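Participant: sharing a sequence plus its predicted fold:
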Amino acid sequence: MSKQAGFGGGCHWCTEAVFSSLKGVLSVEQGWIASEGENSEFSEGVVVTYDDDSIPFGTLIAIHLHTHSSTSMHPMRDRYRSAVYTYNENDRLTAIEAIVNLQPEFDRPVITQVLPFASFKASREELLDYYFSDPQKPFCELYINPKLKFIMDRFSNAANHDKLQHLR
């Protein structure tokens, strides 16, 4: 069954590459996500459409927490809000439970918020598919490749190895 969730936490180029490299992910839209109330300002993020039968929501959340600074309240949090954006109450409860269950894997408290999805603005066309359009760019090699190698090691069953064969 096809479902959607939003994820934010780091650079949307990195986040887009992380989710685009997973089996069961049908599409990744890179851009800016807003929630409600004090989180109504847009922050970098992605909207992920995925096949819940192929990759569970909890696995997506685990990968997200492990591939960005999910325990750091650094000065750029306005631009890089650490969040899982949900579209319904069931997904909100699933996300909260997943984060609680994953907390023991981290040395510091996870700061990632579970927020209702409110709106999305796509990035400019030339920024889309940033990593896979040229993975040899210095930014990609420095910041994105280590995240994708981590996924291949830690979440090997979820990694799309065909798409990541250039990292071997």
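Facilitator: Received, thanks.
Participant: so what pLDDT did G6 get?
Facilitator: pLDDT recorded at G6 is 98.
Participant: before we move on, what about V25?
Facilitator: 98.
Participant: surely it touches I55?
Facilitator: Yes: with contacts counted by C-beta atoms under 8 Å, V25 reaches I55, the gap being 6.7 Å. For glycine as for every other residue, the C-beta is placed from the backbone atoms N, C-alpha and C.
Participant: the two: which is more packed in?
Facilitator: With other C-beta atoms under 10 Å as the criterion, V25 and I55 differ in neighbour count, and I55 comes out ahead with 22 against 19.
Participant: can you confirm that one is in a strand?
Facilitator: No: assigned with DSSP: H, G, I helix; E, B strand; the rest coil, I55 falls outside any strand and is coil.
Participant: might you report the residue contacts of it?
Facilitator: Contacts for I55 were tallied using C-beta atoms under 8 Å, 6 or more residues apart in numbering; they are L22, K23, G24, V25, A158.
Participant: widest-spaced pair of those residues?
Facilitator: Farthest pair in the contacts of I55 (C-beta to C-beta) is V25 and A158. Separation: 9.1 Å.
Participant: for the record, mean pLDDT for the helix ranked longest in the chain?
Facilitator: For the chain, the helix with the greatest residue count under DSSP state H is helix 89-102. Helix 89-102 carries an average pLDDT of 98.
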